[in-house]
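A.B. asks: this one's sequence-less:
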Ligand SMILES: O=C(CN1CCCCC1)Nc1ccc2c(c1)OCO2
């Protein structure tokens, strides 16, 4: 089998939302597909009304195919401090024409304020590795892991775009979705992530390649590109008026500044070009005077995060069959 589903950016490409259908009759939710985590959780009939602000809630009691996973609970905290928790049902889940009949659907009986405030986001689907799933006493497998053996190829691809809808595809590689060739690089999944190491980077079209291994995760659920502070400092040295502002929580610069492109190396002789335009995230003030950088430090995380600022510049193959990541220009 193969599948393909559209994924639509929210304002400033802060996140991408993807339609997912749960249960019988189908309940349609808009979900944040997150390759940086491994739980599929949703706003639900169990989420306190005070914590729901317009989200669509999955109601297992209205699904003839829902079965409670007795005794199972979950709780998760993300790197940005947001969190959620609840219990678990098994139900039919359909996305992009592929479906799995007994997917663990983690229903939220509590969500943190960040999720309540994210009014178009009805939940998260983690597509990292099941080893870091947070359901206890028995960990659950991800939607992709459940599908894997029935897919034509044991892989999925992400084609996120800047300010336009893109696609997640399952089981096949769309040759029309990228230019040139796909460069593959090994994935180390021992921490449960799609973790890989870039050999280095280049700042600007005429910059010199800097050999500097950067170990990080391919994370569709993180908005920005989070790299070592030495790299980030070197980049913003080229942006007039840029400075680190603790009040804003990162590097800020005048919105009319000229931003150099940033090249992330892949394998022995390939690189992904992030256009300067992608290196500005959003205004920090209502006048739109100063802007928050799309590149920020990975301080305190323990590894870098190749988030949407990077991923939307590439066609990305998450190849579980060969434990590798494929990257191509587009
Ligand atoms: O938490 C996330 C992504 N997360 C995806 C699910 C929704 C909430 C946001 N990214 C992240 C991961 C590590 C971090 C961080 C952010 O800021 C500092 O360290």
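C.D. replies: Looks like it came in fine. As the structure is a prediction and not an experimental result, all values here were calculated from the model.

A.B. asks: Any buried residues in stretch 244-251, and which?
C.D. replies: The neighbour-count check on stretch 244-251 (16 or more other Cβ atoms under 10 Å) flags 244, 250-251 as buried. The way it works is simple: take the backbone N, C-alpha and C, and place the C-beta from them, glycine included.

A.B. asks: I'd like those written out as a markdown table, with distance to the ligand added.
C.D. replies: Listed next are the buried residues of stretch 244-251 as a markdown table, based on distance: Cβ to the nearest ligand atom, whole Å:
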| residue | distance to the ligand |
| --- | --- |
| 244 | 15 |
| 250 | 10 |
| 251 | 14 |
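
A.B. asks: In this structure, where's the longest helix?
C.D. replies: Across the chain, the longest stretch assigned as helix under DSSP state H is helix 229-236.

A.B. asks: so what does that one touch, helix or strand wise?
C.D. replies: Where contact means 3 or more Cβ pairs under 8 Å, 6 or more residues apart in numbering; DSSP states H and E, helix 229-236 is packed against strand 195-203, strand 210-218, strand 250-254, strand 295-297.

A.B. asks: So which residues on the chain come close to the ligand?
C.D. replies: Taking Cβ under 6 Å from any ligand atom as the criterion, the chain approaches the ligand at residues 34, 36, 78-80, 82, 124, 221-222, 301, 305.

A.B. asks: let's see 5 Å
C.D. replies: For the chain, the contact set with the ligand under Cβ under 5 Å from any ligand atom comprises 34, 78-80, 82, 221-222, 301.

A.B. asks: Can you check what angle separates the longest helix of the chain from strand 195-203?
C.D. replies: Following axes from the mean of the first three to the mean of the last three Cα atoms, to 10 degrees, one obtains 30 degrees for the angle between helix 229-236 and strand 195-203.

A.B. asks: Please report how far whatever residue of the stretch 101-250 of the chain ends up closest to the ligand lies from residue 271.
C.D. replies: Residue of the stretch 101-250 of the chain nearest the ligand, by Cβ to the nearest ligand atom: residue 221 (3.3 Å). Noted for residue 221: a distance of 24 Å to residue 271, by Cβ to Cβ, to the nearest Å.

A.B. asks: Of the two, which one has the most company?
C.D. replies: Neighbours around residue 221 and residue 271, counted as other Cβ atoms under 10 Å, are more numerous at residue 221. The numbers are 24 against 20.

A.B. asks: Who's the closest spatial neighbour of the more buried one, skipping the chain neighbours?
C.D. replies: residue 34 (3.0 Å; Cβ to Cβ, 6 or more residues apart in numbering).

A.B. asks: What residues does that neighbour make contact with?
C.D. replies: If a contact means Cβ atoms under 8 Å, 6 or more residues apart in numbering, then residue 34 has 124-128, 219-221 as its contacts.
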